[in-house]
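[1] Next one to model:
(2 chains)
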Amino acid sequence: DAGVIQSPRHEVTEMGQEVTLRCKPISGHNSLFWYRQTMMRGLELLIYFNNNVPIDDSGMPEDRFSAKMPNASFSTLKIQPSEPRDSAVYFCASSLLSIGRGGDTQYFGPGTRLTVL
Amino acid sequence: AQSVTQLDSHVSVSEGTPVLLRCNYSSSYSPSLFWYVQHPNKGLQLLLKYTSAATLVKGINGFEAEFKKSETSFHLTKPSAHMSDAAEYFCVVHRRNAGNMLTFGGGTRLMVKP
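    Model (predicted):
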């Protein structure tokens, strides 16, 4: 398996522009997570999907952020308009949720390093 | 609610000496616990996980961790550090009754001196 695939790996954009980050989870996984990592705040969960449905988006910073999962093999995280404080590494992770059993491993993609100038 | 505290933000060891990265957890339930490693400019990789089976868990690259309920700890150890172990390590607790969500500790940066 190729693992979790994210694109692009690096993105540099100007303030005010729209940014779209993409993620392909591991085939067969039914849970997908978007995280943001910064020096100041560490690793933060932004949003979590189960069976393509957003379950918890309480970590999404504000309305400028939106995430979709149109099917089991693709998700996007969009920032519109982008701001310099959005600069971070964004990770996507996927797992197979087993109801009633804890400890399902999340597999992380390589991340997208976003720089907003 | 579940939470994890990594007691050291930075740990420095010499190559060939033991590694100890400390983690304490707080959980209302019997937790599932993980250690992940992140090498520079890379994603997170699972080192090992505890899910209420054996309390001593062996992971990849010679790492192991022991779940101690009485101390609410899940410290990560390795007998002999290698230069390639230099990375950031995250202790993570699985949030039961919250789907498959994880709570991450603040991370410990391990430096290995030659």
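
[2] Who are the contact partners of B:Leu76?
    Applying CB atoms under 8 Å, 6 or more residues apart in numbering or on different chains to B:Leu76 gives the contacts B:19-21, B:23, B:35, B:47-48, B:63-65, B:89, B:91. C-beta: built from backbone N, CA, C; applies to glycine.

[3] Output the set of residues of chain A in proximity to chain B.
    Proximity of chain A to chain B, by CB under 8 Å from any CB of the partner chain, involves residues A:4, A:31, A:33, A:42-43, A:45, A:48, A:50, A:55-56, A:91, A:93, A:95, A:97, A:102-111, A:113.

[4] Please check the residues you listed and keep the buried ones.
    Neighbour counting by 16 or more other CB atoms under 10 Å in any protein chain shown classes A:4, A:31, A:33, A:43, A:45, A:48, A:50, A:55-56, A:91, A:93, A:95, A:97, A:102-111, A:113 among the residues of chain A next to chain B as buried.

[5] out of those residues, which are inside strands?
    With strands taken from DSSP state E, the overlap with these comprises A:31, A:33, A:43, A:45, A:48, A:50, A:55-56, A:91, A:93, A:95, A:107-108, A:113.

[6] Give me the neighbour count for whatever residue of chain B ends up closest to chain A.
    Nearest residue of chain B to chain A (CB to the nearest CB) works out as B:Ser32 at 3.2 Å. Neighbourhood size, B:Ser32 [other CB atoms under 10 Å in any protein chain shown]: 23.

[7] In this structure it contacts B:Ala53, no?
    No: at 10.4 Å, B:Ser32 does not count as touching B:Ala53 under the criterion of CB atoms under 8 Å.

[8] quick one: common contacting residues for those two?
    Listed contacts common to B:Ser32 and B:Ala53 are nil; contacts here mean CB under 8 Å, 6+ apart.

[9] With adjacent residues omitted, what lies nearest to A:Phe33?
    Nearest residue to A:Phe33 in three dimensions, chain neighbours excluded: A:Ala93, at 4.4 Å (CB to CB, 6 or more residues apart in numbering or on different chains).
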